[in-house]
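Colleague: Here is a sequence with its predicted model. Questions after.
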Amino acid sequence: MTKLSVNINKIATIRNARGGNTPNVVQVAIDCERFGADGITVHPRPDERHITRQDVYDLSKVVTTEFNIEGYPDERFMELIRDVRPAQATLVPDPPNVLTSNAGWDTKQHLSKLQDIIGQLHEWGVRSSIFVDTELINIEYAKETGVHRIELYTGPYAEGFNTNPILAVEPYTKAALLANQLGLGINAGHDLDTKNLAYFKAHVPELLEVSIGHALISDSIYWGLENTIQFYLKALK
């Protein structure tokens, strides 16, 4: 069974637009777990435009499934990981001003840096994951970093799915087969939704986890959060 981790950044975006504590990020995380989510994902950014530092600390006290913290591994991010010790830290190569994560690591170019960071994560007992595209060389060098898992960036898949799903998923199948061969766990995320998720799951062997936020939270406006989580879990079966 592929696990569903709900990214609650958009809940924080709505809250921050008005100020105060509505909607309540912590309560939404508790409810997501109660409704069947296998994990909670957050991606705090330096400008705190959605998830704040305090949110991370508050969530760490209540999340009982898997807590996944994504981010660029600067000093601020690593301090959060050290303090919170989440189940998983997912490293993304985002500069501070990027709107959303839209590219994976060049693992060959950043090999030494990633080795050092991942070594520190392992010393803290935190499972490591790095955001990568489907270029096989980046998966080969991901293995050299010592990382536990890769997270496949699924933006191109989602973009191409409606036109040609077979062609869209093919690079991900090849990437997953190589990752399996190398002993790397496979996560995935970005623009996955109820229309394209089941097909992706069926064609990516040994998919361990998907992290979904924008589409899931948007769908919940129409269907409600509990129903929406059930629809996504059904797509993963």
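Modeller: Perfect, thanks for sending it. Residues are numbered from 1 along each chain as shown.
Colleague: and the residue nearest to Lys195 when sequence neighbours are not counted, how far is that from Lys3?
Modeller: The shortest distance from Lys195 to any non-neighbouring residue, by Cβ to Cβ, 6 or more residues apart in numbering, is to Phe161 (7.4 Å). From N, CA and C alone the C-beta is placed, and that goes for glycine too. As judged by Cβ to Cβ, to the nearest Å, Phe161 and Lys3 stand 22 Å apart.
Colleague: ok, these two, which is more surrounded?
Modeller: When Phe161 and Lys3 are compared for neighbours, Phe161 comes out ahead with 22 against 18, by other Cβ atoms under 10 Å.
Colleague: So what pairs up with the residue nearest in space to the middle of the chain in the strands?
Modeller: For the chain, the residue nearest the mean C-alpha position is Ser211 (4.1 Å; Cα atoms, centre = their mean). Taking DSSP bridges as the rule, Ser211 bridges to Ser5, Gly189.
Colleague: Quick check: the residue nearest to Lys195 touching Leu197?
Modeller: No - applying Cβ atoms under 8 Å as the test, Phe161 and Leu197 come out as separate, 9.9 Å apart.
Colleague: Check what pLDDT the nearest residue to His214 once chain neighbours are set aside gets.
Modeller: Nearest non-adjacent residue to His214, counting by Cβ to Cβ, 6+ apart: Lys10, 6.0 Å away. pLDDT for Lys10: 97.
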